[in-house]
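*Asks:* give me a model of this one.
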Amino acid sequence: MKTLKNTLCLFLSILLLTGCDQFLDVKPDKAMVVPRSLEDLEGLLDDDVLRNMNTGPGIPVLSSDDLYTTDQGFISLSNLERNVYAWQEEVFAGEPIISEWAIPYRQVLNANLVLENIEKVDPKSPQEQTKKNTIKGRALFYRAFAFHQLMEAFSLPIAESNPSTLGILLRKSANINIRYQRATLPETYETIIEDLEEASTLLPDLPDFKSRPSKAAAHALLSRVFLFGGEYQKSLEQANLALALFPELLDYNSVNPSAAFPFSGYQDEVIFQQMVTGYGFLYSNEVFVSEELLDFYEENDLRRTLFFTNGDSMANFRGNYTGQVFLFTGMASDEIRFNKMECLARLNRVAEAADMLNEFLESRFVSGTFEPLDLSVSGSALESILRERRKSLLFRDIRWMDLRRLNSDPVFAIELKRELNGETFTLAPKSPKYTFPIPDDEIRLNNVIQNPRN
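*Replies:* Residues are numbered from 1 along each chain as shown. Now for the predicted structure:
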């Protein structure tokens, strides 16, 4: 059985490692690659060989204002990384394999294979029926998460959309001969929601492994999607459902600061574990935390101690919720709490938002040192929540998504700047460069409409 799982995963990897034309030339033995049991289908989603089902995007992190690099560090980056970091008009420069595009669509392909074959399996017991439901729910979640990450990278922010705004390629079939054009952004948004809503009815409340999705993860992702869509009441409802199942809040006083990576990767707050694609900037000692961001942390704030190699200038980030050098791009309860706080503030339930923010911050400060914030006096509750959100969710792809959505609000829109070799690079609010170009091969092979970059 394991051999069949590996064969399936290796065959599907051809899509990632070769161009579409070459892939279509492959004539596999269908008896060898078509999944025929629950174990086979589960193996596709676990992806034993390449582990791509739990890999997330990396370039949004490198594009954000969480980090900066020196002139020397910039030279050490790959051509793609330099283009992304400096917000160049040309990003991929004709590279044939773009992991930010190929890996999510590999996840979609695996999920579609499962969804097309799961109904062919006839459960022999209630336990098998439960397993069948779980596998289907996992497939729907993986497809929705991949679509969501693609939408946030390769489409305009949903807040800037109209009925004809282009979204992504909504591949819902495992038939690789089908040529897709871009769906509209509203269609993309609704498809993600539909997949997650169905997944939430099929998945177990909590996962057996954090690398597998659960009902809590589906509600958590729905909360994020609705928040980015400006549907604050729906986002709040989904956040409440997620936190009812997964209320964990980690007391940072219990985390050992002496470890190279203080967080284990499977600590209490992780709902669904996913890590970033392996880029060179992850390993560079010349990639530092934004000094502006460092200035936000107070003396007794444990995030300063646990997130950074030091709390001063030119600090490296080490607070990954993966427990290693790879950045965290999954779902965690800290994000969901901030979703809820923001929605409460936007819905004029400021006292509730303040109570929740103070409870959260108490877990982030040295015991006995935190003084509760009075948001009715200190200014905008929403401003305080968004500032603490940035301080807590840094070096995930969340910051880039937040920049994209907040650009629509003049109060929170900002211009980003980089200084490199005496030259200043800027990224204006609502710039078309907040949407990455679709890889050249996809344009060439399928005549897909490209995103404007100027």
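*Asks:* going by C-alpha atoms from here, please, whenever you check contacts or count neighbours.
*Replies:* Noted.
*Asks:* contact partners for residue 335?
*Replies:* Going by Cα atoms under 8 Å, 6 or more residues apart in numbering, residue 335 touches 389, 393.
*Asks:* please redo it, this time with the cut-off set to 10 Å
*Replies:* Counting by Cα atoms under 10 Å, 6 or more residues apart in numbering, residue 335 touches 220, 221, 223, 224, 239, 269, 270, 341, 389, 392, 393, 398.
*Asks:* and what of residue 438?
*Replies:* Contact analysis of residue 438 by Cα under 10 Å, 6+ apart lists 91-92, 98, 100-101, 153-155, 168, 448-452.
*Asks:* what pLDDT does residue 264 get?
*Replies:* Residue 264 is assigned 85 on the pLDDT scale.
*Asks:* and it, that's in a helix?
*Replies:* No: remark: residue 264 does not belong to a helix; assigned using DSSP: H, G, I helix; E, B strand; the rest coil, it is coil.
*Asks:* is it true that it touches residue 322?
*Replies:* Yes: between residue 264 and residue 322 there is a contact at 6.6 Å, judged by Cα atoms under 10 Å.
*Asks:* which of those two has more neighbours?
*Replies:* Remark: of residue 264 and residue 322, residue 322 carries more neighbours, 23 against 15, as counted by other Cα atoms under 10 Å.
*Asks:* need the strands for the stretch 51-200 of the chain, in chain order.
*Replies:* In the stretch 51-200 of the chain, the segments counted as strands under DSSP state E, counting those that start in this stretch are 55-56, 67-69.
*Asks:* just send those back as TSV, with distance to residue 409 and mean neighbour count too.
*Replies:* Supplementary listing: the strands of the stretch 51-200 of the chain in TSV, determined by distance: least, Cα to Cα, whole Å; neighbours: other Cα atoms under 10 Å:
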stretch	distance to residue 409	mean neighbour count
strand 55-56	28	26
strand 67-69	23	22
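*Asks:* okay if I get these as a markdown table plus mean pLDDT?
*Replies:* Formatted as a markdown table, the strands of the stretch 51-200 of the chain follow (pLDDT from 0 to 100):
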| stretch | mean pLDDT |
| --- | --- |
| strand 55-56 | 92 |
| strand 67-69 | 96 |
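*Asks:* what is the least confident helix or strand in this structure?
*Replies:* Every helix and strand in the chain was compared by mean pLDDT, DSSP states H and E; the lowest is helix 20-25, with a mean of 38.
*Asks:* longest helix of the protein, counting residues only.
*Replies:* When the chain is scanned for its longest helix (criterion: DSSP state H), the result is helix 126-154.
*Asks:* next, the buried residues of it.
*Replies:* 131-154 (16 or more other Cα atoms under 10 Å).
*Asks:* what about it, average pLDDT?
*Replies:* 97.
*Asks:* now swap in stretch 186-206 and tell me
*Replies:* Across stretch 186-206, the average pLDDT comes to 98.
*Asks:* again, but for stretch 341-356
*Replies:* Within the predicted structure, the mean pLDDT of stretch 341-356 is 96.
*Asks:* now that stretch, how far from the chain's geometric center?
*Replies:* The chain centre lies 24 Å from the centre of stretch 341-356; the measure is Cα atoms, centre = their mean, to the nearest Å.
*Asks:* in that stretch, what counts as buried?
*Replies:* Residues of stretch 341-356 classed as buried under the neighbour-count rule (16+ other Cα under 10 Å) are 341, 342, 343, 344, 345, 346, 350, 353, 354, 356.
*Asks:* ok, now stretch 67-76?
*Replies:* In stretch 67-76, counting by 16+ other Cα under 10 Å, buried: 67, 68, 69, 70, 73, 74.
*Asks:* who does the third one bridge with?
*Replies:* This points to residue 69. Under the criterion DSSP bridges, residue 69 forms beta bridges with residue 287.
*Asks:* in this structure it contacts residue 287, no?
*Replies:* Yes: the pair residue 69 and residue 287 passes the contact test of Cα under 10 Å, sitting 4.6 Å apart.
*Asks:* separation between residue 78 and residue 217?
*Replies:* When Cα to Cα, to the nearest Å is the yardstick, residue 78 and residue 217 sit 34 Å from each other.
*Asks:* which one's more surrounded, the two?
*Replies:* Using other Cα under 10 Å, the more surrounded residue of residue 78 and residue 217 is residue 217, with 33 against 13.
*Asks:* quick check: next helix or strand after the helix or strand that one falls within?
*Replies:* When secondary structure is defined by DSSP states H and E, residue 217 falls within helix 215-228. Moving toward the C-terminus from helix 215-228, the next helix or strand (DSSP H and E) is helix 232-245.
*Asks:* for that following helix, buried residues please.
*Replies:* For helix 232-245, a neighbour-count test (16+ other Cα under 10 Å) marks 232, 233, 234, 235, 236, 237, 238, 239, 240, 241, 242, 243 as buried.
*Asks:* OK, contacts around the fourth one?
*Replies:* Shown in contact with residue 235 (Cα under 10 Å, 6+ apart): 219-229, 241, 336, 339-340, 342-344.
*Asks:* repeat for the first one
*Replies:* Under the criterion of Cα under 10 Å, 6+ apart, the contact partners of residue 232 comprise 223, 224, 226, 238, 339, 340, 342, 343, 344, 345, 346, 347.
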